[in-house]
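Enquirer: Predicted model and sequence follow; I will ask about them next.
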Amino acid sequence: MSESNKAANLKFGETSLDLPMLSPTAGPDVIDIRKLYAEGRVFTFDPGFTSTASCKSKITFIDGIKGELLYRGYPIEQLAAKSHYLEVCYLLLYGELPSAQELEDFETRVTNHTMVHEQMTYFFRGFRRDAHPMAIMVGVVGAMSAFYPDSTDINDPMQREIASIRMVAKMPTIAAMAYKYSIGQPFVYPSNDLDYAANFLQMCFSVPAEDYEVNPILSRAMDRIFTLHADHEQNASTSTVRLAGSSGANPFACIASGVACLWGPAHGGANQAALEMLKEIGSVERIPEYIARAKDKSDPFRLMGFGHRVYKNFDPRATVMKQSADEVLDLLGIEDNETLKVAKELERIALEDEYFQQKKLFPNVDFYSGIILEAMGFPTSMFTPIFAVSRTVGWIAQWKEMIADPEQKIGRPRQLYIGAAKRDYIDVENR
Ligand code: SDX
């Protein structure tokens, strides 16, 4: 980022302000409005932050027109094809691809933190068995500061580092425990001789009564899903984590706030909603009915897994996910998957439809992921927890970047007040 030699001149009433412009490595220039209120006594208004850069970051770049997603400069397609999730975690956290030794050390550190405090198992028992796993994750992750108080001091770089490793390492264990609890099966401990994705699958699907062999096809697909969801610039849940962190809240509380935000169906909850929608549509013949509903302004129905705030041509993750769905179902010998057929036909029809073209709506990362996760044996209620497991490293990387930023301040937006003007209290007998 550099001071651009350009400046923006803003004129209103008698005021004329020259605002500096900042030039990024990639993406649009930024008008620096930090002095706007102090010198101009006005606010800007941008409720959905559609035109607002909330921070400086070196972690992830998205070009919504080109459909480009870069983690520390590396294209997501290359990382999905050539890397693996823990290497991507290292890249997001430390900024560079690791040497072989650095990677081995990092993987060992994460592996050695995958178990959770045994007392946490009692925490789960407070939930009803039919609690949504995301409800459990919000609660358990938020409570982690009570189990790991020795890594909550955000001003201690060593404690920040330990908390980061603990979060990346323990989220799969917590998500798997939430799943096991919801189906009434015993918790399965992590196994240090399995890689990250394989470990997650064995914690979810193995039972004490018999040996469990991780299917390498599923493990590779799981790892790729983790990679595709790892970070995504200043999305709603990441912005929530940054805002929570700006108050000095401990890292576990910040990540819990990200889990809570991700749960919404407009965000990470869309993967569950998208598969449920595809199943509700049920057959290719019923697609036109739902396309019509999606276009009907009087109908709140939206095509779940479609559209994106930033991508306006295609979501590069959806492209990789669609290929992976074909591969996984084929390798598993699942033919004529009706849901996949409906998904592909829905995509084809929607992309040819003028409404969707005009609104720039197309499948996003959540449209195909559920088909793969269902083929792996996960219930739809586990789709968003899996997204949360993956995105934890992105939340942590962004939180660390914010904490280390010497310019960071507590986030405190203002407002456009449209309520009642000042008025005097009226005694109840006079109302
Ligand atoms: C994720 O931000 C990120 O990076 C998020 C994410 C990440 O990795 O962190 O990529 C993950 O959250 C992906 C998005 C998952 N959500 C869904 O699939 C839910 C369905 N999608 C929509 O709710 C919507 O597209 C959003 C929330 C994703 C984006 O909303 P925007 O950018 O605020 O767009 P909008 O709501 O202003 O919609 C623009 C127009 C509207 O019509 P008009 O009011 O202009 O007439 O497009 C329409 C909308 O009605 N529209 C849709 C639609 N999405 C938008 N119409 C039908 N179906 C849809 N899915």
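Expert: Ah, there it is. Predicted model only: the values in this text are computed from it and were never measured.
Enquirer: those strands in this protein, which residues are they?
Expert: Assigned by DSSP state E, the strands in the chain fall at 2-12, 15-23, 30-31, 60-63, 68-71, 74-75.
Enquirer: Among these, which comes closest to the ligand?
Expert: Closest of these to the ligand is strand 60-63, at 7.3 Å (criterion: CB to the nearest ligand atom). For every residue, glycine as well, the C-beta is placed using N, CA and C.
Enquirer: Packing partners of that closest one?
Expert: Counting contacts by 3 or more CB pairs under 8 Å, 6 or more residues apart in numbering; DSSP states H and E, strand 60-63 packs against strand 68-71.
Enquirer: Which residues does the strand it packs on contact?
Expert: Residues outside strand 68-71 that contact it (CB atoms under 8 Å, 6 or more residues apart in numbering) are 26, 59-62, 75-76, 79, 88, 91-92, 230-232, 316-317.
Enquirer: Mind checking which of the residues you listed are in helices?
Expert: Of the contacts of strand 68-71, the ones assigned to helices by DSSP state H are 76, 79, 88, 91, 92, 316, 317.
Enquirer: which of the residues you listed lies closest to the ligand?
Expert: residue 317 (7.5 Å).
Enquirer: Flag every residue of the stretch 101-250 of the chain that's near the ligand.
Expert: Of all the residues in the stretch 101-250 of the chain, those in contact range of the ligand (CB under 6 Å from any ligand atom) are 232, 235.
Enquirer: Just the closest residue of the stretch 201-350 of the chain to the ligand, please.
Expert: Counting by CB to the nearest ligand atom, the stretch 201-350 of the chain gets nearest the ligand through residue 307, at 2.3 Å.
Enquirer: Quick one: residues contacting that residue.
Expert: 359, 360, 361, 362, 364.
Enquirer: If I look at the third one, what pLDDT would I see?
Expert: Just to be clear, that refers to residue 361. Looking at residue 361, its pLDDT reads 93.
Enquirer: so what's the backbone phi/psi at the closest residue to it other than its chain neighbours?
Expert: Excluding the flanking residues, the one nearest residue 361 by CB to CB, 6 or more residues apart in numbering is residue 307, at 4.5 Å. Torsion angles at residue 307 (phi, psi; degrees, to the nearest 10) stand at phi 90, psi 160.
Enquirer: about what we covered before: overlap between the ones in helices among the contacts of strand 68-71 and the residues near the ligand?
Expert: Within the ones in helices among the contacts of strand 68-71, nothing lies near the ligand by CB under 6 Å from any ligand atom.
Enquirer: Next, count neighbours for residue 30.
Expert: The number of residues packed near residue 30 is 17, by other CB atoms under 10 Å.
Enquirer: is it true that it touches residue 8?
Expert: No: look at residue 30 against residue 8 with CB atoms under 8 Å: they stay out of range, at 9.8 Å.
Enquirer: Overlap in contacts, the two.
Expert: residue 21.
Enquirer: got the contact list for residue 278?
Expert: 339, 342, 343, 346, 370, 371.
Enquirer: Tell me how many other residues crowd the closest residue to the fifth one other than its chain neighbours.
Expert: When the adjacent residues along the chain are set aside, residue 370 lies closest to residue 275, with 3.2 Å between them (CB to CB, 6+ apart). By other CB under 10 Å, the residues close to residue 275 number 26.
Enquirer: any weak-confidence spans in the protein?
Expert: Filtered on pLDDT under 70, the chain yields the residue ranges 1-4.
Enquirer: can you tell me which residues contact residue 341?
Expert: For residue 341, the contact set (CB under 8 Å, 6+ apart) comprises residue 284.
Enquirer: re earlier: what residues are up against the residue nearest to residue 370?
Expert: By CB under 8 Å, 6+ apart, the neighbours of residue 275 are 339, 370, 371, 373, 374, 380, 383.
Enquirer: how about the residues you listed in CSV, adding distance to residue 196?
Expert: Below are those laid out as CSV (distance: CB to CB, whole Å):
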residue, distance to residue 196
339, 27
370, 21
371, 22
373, 16
374, 21
380, 23
383, 18
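Enquirer: of all those, which comes closest to residue 245?
Expert: Closest to residue 245 out of the contacts of residue 275 is residue 383 (26.1 Å), distances taken as CB to CB.
Enquirer: if we can go back for a sec, so which of the contacts of residue 278 is the most crowded?
Expert: Going by other CB under 10 Å, residue 370 tops the contacts of residue 278 with 29 neighbours.
Enquirer: before we move on, the earlier item: of the contacts of residue 278, which pair is most distant in space?
Expert: Greatest spacing in the contacts of residue 278, by CB to CB: 346 and 370 (13.1 Å).
Enquirer: Just confirm residue 214 contacts residue 203, I think it does.
Expert: No: Residue 214 lies out of contact with residue 203 (CB under 8 Å); the separation is 10.5 Å.
Enquirer: how much space between residue 409 and residue 250?
Expert: From residue 409 across to residue 250, the span is 19 Å (CB to CB, to the nearest Å).
Enquirer: swap in residue 67?
Expert: From residue 67 to residue 250 the distance is 37 Å (CB to CB).
Enquirer: contacting residues for the residue lying closest to residue 131 once chain neighbours are set aside?
Expert: Nearest residue to residue 131, sequence neighbours excluded (CB to CB, 6+ apart): residue 182, at 6.8 Å. Residue 182 sits next to 129, 130, 131, 133, 136, 381 when contact means CB under 8 Å, 6+ apart.
Enquirer: So what's the residue count around the last one?
Expert: The number of residues packed around residue 381, counting by other CB under 10 Å, is 17.
Enquirer: repeat for residue 211
Expert: For residue 211, using other CB under 10 Å, the count is 6.
Enquirer: Residue 230 now?
Expert: Number of residues near residue 230 (other CB under 10 Å) recorded here: 24.
Enquirer: quick one on the thing from earlier: please produce a markdown table containing the strands of the chain, extended by distance to the ligand.
Expert: Below are the strands of the chain laid out as a markdown table (distance: least, CB to the nearest ligand atom, whole Å):
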| stretch | distance to the ligand |
| --- | --- |
| strand 2-12 | 25 |
| strand 15-23 | 22 |
| strand 30-31 | 19 |
| strand 60-63 | 7 |
| strand 68-71 | 9 |
| strand 74-75 | 16 |
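Enquirer: Of all these, which one comes closest to residue 209?
Expert: strand 68-71 (40.4 Å).
Enquirer: Parallel or antiparallel, list what pairs with that closest one.
Expert: Partners of strand 68-71 in the sheet, by DSSP bridges, are strand 60-63 (antiparallel), strand 74-75 (antiparallel).
Enquirer: Pull the distance from that strand to the chain's centre.
Expert: How far strand 68-71 lies from its chain's middle: 14 Å, per CA atoms, centre = their mean, to the nearest Å.
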